[in-house]
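> Build me a model:
(chains A and B)
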2 protein chains.
Amino acid sequence: MNIDDIRAADARLDGHVRRTPLLSSSFLDEIAGKRVIVKPECLQHTGSFKFRGAWNAVSKLSDVQRKQGVIAFSSGNHAQGVAMAAKAIGAPSVIVMPSDAPRQKIDNTRTLGGEVILYDRATEDRDKIGARLANDRKLTLIKPFDNPDVIAGQGTVGLEVAEQARAMGIADARVLVPCGGGGLTSGIALALEADAPDFRVHPVEPEGFDDVARSLVSGQIERNPRLSGSICDAIITPSPGELTFPILKRLCGPGLPVPDDDCLRTMTAAFNHLKIVVEPGGAVALAAALYHADQIDGDTVIVVVSGGNVDAPVFADALTRFP
Amino acid sequence: MNIDDIRAADARLDGHVRRTPLLSSSFLDEIAGKRVIVKPECLQHTGSFKFRGAWNAVSKLSDVQRKQGVIAFSSGNHAQGVAMAAKAIGAPSVIVMPSDAPRQKIDNTRTLGGEVILYDRATEDRDKIGARLANDRKLTLIKPFDNPDVIAGQGTVGLEVAEQARAMGIADARVLVPCGGGGLTSGIALALEADAPDFRVHPVEPEGFDDVARSLVSGQIERNPRLSGSICDAIITPSPGELTFPILKRLCGPGLPVPDDDCLRTMTAAFNHLKIVVEPGGAVALAAALYHADQIDGDTVIVVVSGGNVDAPVFADALTRFP
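Numbers count the residues shown, from 1 in each chain, chains lettered A, B, ... in the order given. Down below sits the predicted model:
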């Protein structure tokens, strides 16, 4: 797992993945009290960065694997990324989703070509269902973060950030990344280590679900005591991954926790000043930059907005509660 | 007024104006029944394409003009574009706005560096106020569309569309553009005539305010019977301009009218599938592509989303009424 894997992923992604621009607004700079640059991966295909890793993983399949198909477990962004990437290369995909996942995400995954298998969270074991399906139908499992090809694909965000920031004359910056299992954060950290070594990456998590921040402090993998109770569902995972954590530990600065309300407030700010749609979990890094800038060194912060798959009522509610 | 003016504007804009990407979604293709490509100028500085023309006009000022400053009349997007462009080159700007303009737009224009002069729509004459100010303070007037430098600046959207579409392998397309006074539409039409001659531009307007469509039919400048009563305020103008209309007449296909409700529906569709914030007037062209595709020839439609400056309550209302 090194920079060469990310560069190889970048070549595979070329022409298939959207190169998202860097956005900014003097209004956001004023709120933060420093320069804020935004990498809006909500504008990526399927509305999140997850398409990058999925595309890289799927495009490396052998002909036989491709014909047999892939499987993923996900209630959200990874599901859509894998379904769309698989469809694009002509591979069948099976997505195992909880039956109480938002209707829209289930429908979207189906429309993107995924065969959705629903299970009951309360009474059924997702891993058993998946293992049986994978075995019976010889499907290749695409893990959401603890997979070198997925990490390398997500790392292409970092290559783009380095190049685009350089073109803007930015020599030094803190880079804040929404962090669940750490696939995006570790990929970006590896890319920046090579292409922008003066940039320093900080993982950002919802308050109360700061397994990565605590793991960085203790030096070993820590777990979240619970897995629900935050609006930032997309980035709640039990713990950092076996593959991602060593990279995070070697390369990242301290993690930053952000309260849910700051994510909602940030959704309104991004609506007003960047004209982009941000989901709660995708907003944590921008929320840290806007409302907790005192915890961040330096004059320039680059933040990744990782996704925009939020239901309309949740979004309308954020606009109303935090006008 | 020709392609050389637009190329010169493009050189002036380089590094100052955001090069917006092309976006798409298989979900939108499915609604339209054809391929839909979106140029999201809502992601431009100040949230609309207006910054392009303003920058081009302002950057051509002489040193003396720059020192004396500029003036613009606008209740919205042109105001913000001129204020920000003027500030960036160190020119004072005076923006004459109606006192009942949305609070946020007035505040934004001020924050962007504009000196806002409010007038009462009912009792005061905007043009008289402006003429007196311009004369007393020797300000240069930046008209919103009937100005060659402004048209050339907006035309850079067309240069980008031609280049980006070519890179995607698109050889033939209809290009739909939200049309008020015709600055953006005529600029794009001129750019595409040179760089993508097989593309055909259609102006799109709110139903009941189709002065451009009627002017194209009659061959002479027609006027709107009224200037209020549509949610698409940003693109309601009395008539096409003296400079813009001859270009529109020579180069554009028939105009398309779109009902207000389709604009609101489109704002939800863009929220769900592109993750961008679109204002009602900025949505007309995408609305025509999605809900009136039977009136558009060909398999591929490129639409410009011209702005995203919509107040949160209006946006939340669109999401709620057209989920």
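> Could you list the buried residues of the lowest-mean-pLDDT helix or strand in chain A?
Using mean pLDDT, DSSP states H and E, the weakest-scoring helix or strand in chain A turns out to be helix A:103-111, at a mean of 85. By neighbour count on 16 or more other Cβ atoms under 10 Å in any protein chain shown, the buried set for helix A:103-111 is A:Lys105, A:Ile106, A:Asn108, A:Thr109. C-beta here means a position set from N, CA and C on the backbone, and glycine is covered the same way.
> Quick one: list the elements packing against whichever helix or strand comes after it.
Heading C-terminal from helix A:103-111, the first helix or strand you meet, by DSSP states H and E, is strand A:114-119. When contacts are defined as 3 or more Cβ pairs under 8 Å, 6 or more residues apart in numbering or on different chains; DSSP states H and E, strand A:114-119 packs onto helix A:77-89, strand A:93-98, helix A:103-111, helix A:126-137.
> Give me the sheet partners of strand A:114-119 and which way each runs.
Paired strands of strand A:114-119, with direction, are strand A:93-98 (parallel) (DSSP bridges).
> neighbouring contacts of the strand it pairs with?
Residues from elsewhere that reach strand A:93-98, judged by Cβ atoms under 8 Å, 6 or more residues apart in numbering or on different chains: A:69-75, A:79, A:82-83, A:86-87, A:105-106, A:109, A:113-121, A:126, A:129-130, A:133, A:137, A:139.
> Pretty sure A:Lys60 sits against A:Asp149.
Yes: with contact defined as Cβ atoms under 8 Å, A:Lys60 counts as touching A:Asp149 (5.6 Å).
> Have a look at these two and say which one is more surrounded.
A:Asp149 (23 against 17; other Cβ atoms under 10 Å in any protein chain shown).
> and the more buried one, that's in a helix?
Yes: according to DSSP: H, G, I helix; E, B strand; the rest coil, the state of A:Asp149 is that of a helix.
> What score does the residue of chain A most remote from its centre have for pLDDT?
Note on chain A: the largest C-alpha distance from the chain mean falls to A:Asp136, namely 30.3 Å (Cα atoms, centre = their mean). Looking at A:Asp136, its pLDDT is 94.
> immediately after the helix or strand encompassing A:Asp10, which helix or strand?
Applying DSSP H and E as the criterion places A:Asp10 in helix A:3-13. Using DSSP H and E, the next helix or strand after helix A:3-13 towards the C-terminus is helix A:26-32.
> so what does the following helix or strand past that following helix touch, helix or strand wise?
Next helix or strand after helix A:26-32 toward the C-terminus (DSSP H and E): strand A:35-40. Where contact means 3+ Cβ pairs under 8 Å, 6+ apart, strand A:35-40 is packed against helix A:26-32, helix A:148-167, helix A:284-291, strand A:300-305.
> now do 10 Å
With contacts taken as 3 or more Cβ pairs under 10 Å, 6 or more residues apart in numbering or on different chains; DSSP states H and E, strand A:35-40 sits against helix A:26-32, helix A:148-167, strand A:174-178, helix A:260-273, helix A:284-291, strand A:300-305.
> what about the least confident helix or strand of chain A and chain B, touching?
Yes: shown here: helix A:103-111 in contact with chain B (Cβ under 10 Å from any Cβ of the partner chain) through A:Gln104, A:Asp107, A:Asn108, A:Thr111.
> show me what contacts the second one?
With contact taken as Cβ atoms under 10 Å, 6 or more residues apart in numbering or on different chains, A:Asp107 is in contact with A:Val116, B:Phe27.
> Please list the residues of the stretch 101-250 of chain A that sit near chain B.
A:Gln104, A:Asp107, A:Asn108, A:Thr111, A:Leu112, A:Gly113, A:Ala167, A:Met168, A:Gly169.
> what's the most distant pair in the residues you listed?
Using Cβ to Cβ, the two most remote members of these are A:Asp107 and A:Gly169, lying 44.1 Å apart.
> With that, I have no additional questions.
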